[in-house]
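**Q** Sharing a sequence plus its predicted fold:
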Amino acid sequence: MAILITGVAGFIGAPVARALLDRGETVLGIDNLNAYYPVALKRARLASVIGPHPAFRFVAADFADRAALDEALSGTVIDRIVHLGAQAGVRHSIDAPRDYAHSNLVGHLEILELARRHRVRHLVYASSSSVYGDAARLPLTAEDRTDWPLSFYAATKKANEVMAESYAQLYGLPMTGLRFFTVYGPWGRPDMALWRFAERIFAGLPLPIYNQGRMQRDFTYIDDIVAGVIAALDRPPADNGAVKPGGSTSRHALYNLGNDRPEELRRLVALVGTAAGREPILDYLPMQPGDVTATWADIGPARRDLGYDPATPLDVGVPAFIDWFRGYAGV
């Protein structure tokens, strides 16, 4: 039996695959290697984070294409799915919403159908803290209303949760949605703030600081997220009619995976400057469409049910990223 991981060349997908392989699992990884950010980085993740392994098979495929998905699975029996593939990026969704409809709506449906056909033991899928919108009440809990997304990306992630709930109700499929909060660390994404700050500070360019720096994020280190994903995979929701985190009585649970420690954007910038050994030049800009002012995850249910225990503070994680970035970018 194998575990299917979608988005396996991604920031979260690659280390999740590595961790599962390290504990003796067989993994089939698929990724369409799209050009949203450099494909070379995705291939480097596959080579460096996962590497050659007899229990790992990679297929370049679009999981939103049923025929391609079926062909990728040819000859492989799967019993669990970790669905991390998606079109990412809040701001890009403003310019290219059809990319999100294809990957995040059609693609999510194809994965749900795959899970139904194979009667998998558990489907864990990636949601996002973006579903909360710009909530007035913090910390954010899985039971909060999520009906006012500020971006189409967030709307697709909300739709993923609703689609999953319908399949849990109709077919009894055990599913867990994970709302990730601002994941960062080595092998991260170039469209995210920490990478952009590192790139620009080493180039001597100003750092774009939106909303005059009056922003807070619950930054979560990649190692903590990987541990949370695997803990969730190992604990499918029970078929007992009890209310699960998120409010469902079906076999569908929703958990926040954050750090439970909101940090000011200005503190992130200061840590980048210290780790890089350079004084940041700041370019203060207005709030961007689709952005939210603050995030803060209530991780109590994940602690209780999954044993999730994030252990990496920002002042450890940021220098670790900068050290990695120096080597990757040659600066």
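**A** Arrived safely. Source: prediction; values computed, not measured.

**Q** So what's the residue count around the closest residue to F219 other than its chain neighbours?
**A** Counting by Cβ to Cβ, 6 or more residues apart in numbering, T182 is the residue found nearest to F219 once chain neighbours are left out, at 4.9 Å. The way it works is simple: take the backbone N, C-alpha and C, and place the C-beta from them, glycine included. By the measure other Cβ atoms under 10 Å, the count of residues near T182 is 21.

**Q** Check R18 too.
**A** R18 is flanked by 19 other residues according to other Cβ under 10 Å.

**Q** And it, how far from I322?
**A** R18 sits 22 Å away from I322, going by Cβ to Cβ, to the nearest Å.

**Q** cool, V316 as well?
**A** Using Cβ to Cβ, we find V316 at a distance of 11 Å from I322.

**Q** neighbour count winner among these two?
**A** For V316 versus I322, neighbours defined as other Cβ under 10 Å are more numerous around I322 (23 against 11).

**Q** Quick check: that one is in a helix.
**A** Yes: according to DSSP: H, G, I helix; E, B strand; the rest coil, I322 belongs to a helix.

**Q** Show the contacting residues for it.
**A** Counting by Cβ atoms under 8 Å, 6 or more residues apart in numbering, I322 makes contact with 198, 272, 275-276.

**Q** Dump these to CSV, plus neighbour count, pLDDT and distance to V226.
**A** Shown next, in CSV, are the contacts of I322 (neighbours: other Cβ atoms under 10 Å; pLDDT from 0 to 100; distance: Cβ to Cβ, whole Å):
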residue, neighbour count, pLDDT, distance to V226
A198, 25, 98, 21
V272, 23, 98, 23
A275, 19, 98, 22
A276, 19, 98, 25
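
**Q** Most widely separated two among the residues you listed?
**A** The most widely separated members of these are A198 and A275, with 8.7 Å between them, by Cβ to Cβ.

**Q** overlap in contacts of those two?
**A** Shared contacts of A198 and A275, counting by Cβ under 8 Å, 6+ apart, come down to 321-322.

**Q** ranges for the strands of the protein?
**A** All strands of the chain, identified by DSSP state E, fall at 2-6, 27-31, 56-60, 78-83, 122-128, 175-180, 183-184, 207-210, 216-217, 220-221, 252-257, 263-264, 282-285.

**Q** ok, how many other residues are close to L170?
**A** 10.

**Q** pLDDT value on it, please?
**A** On pLDDT, L170 comes in at 97.

**Q** quick one, what contacts F56?
**A** F56 neighbours (Cβ under 8 Å, 6+ apart): 17, 21, 26-29, 50.

**Q** now swap in L21 and tell me
**A** The contact partners of L21, by Cβ under 8 Å, 6+ apart, come to 27, 50, 53, 55-56.

**Q** Likewise for D79?
**A** D79 makes contacts with 1-3, 118, 120-121, as judged by Cβ under 8 Å, 6+ apart.

**Q** make it 6 Å
**A** Contact analysis of D79 by Cβ atoms under 6 Å, 6 or more residues apart in numbering lists 1, 120-121.
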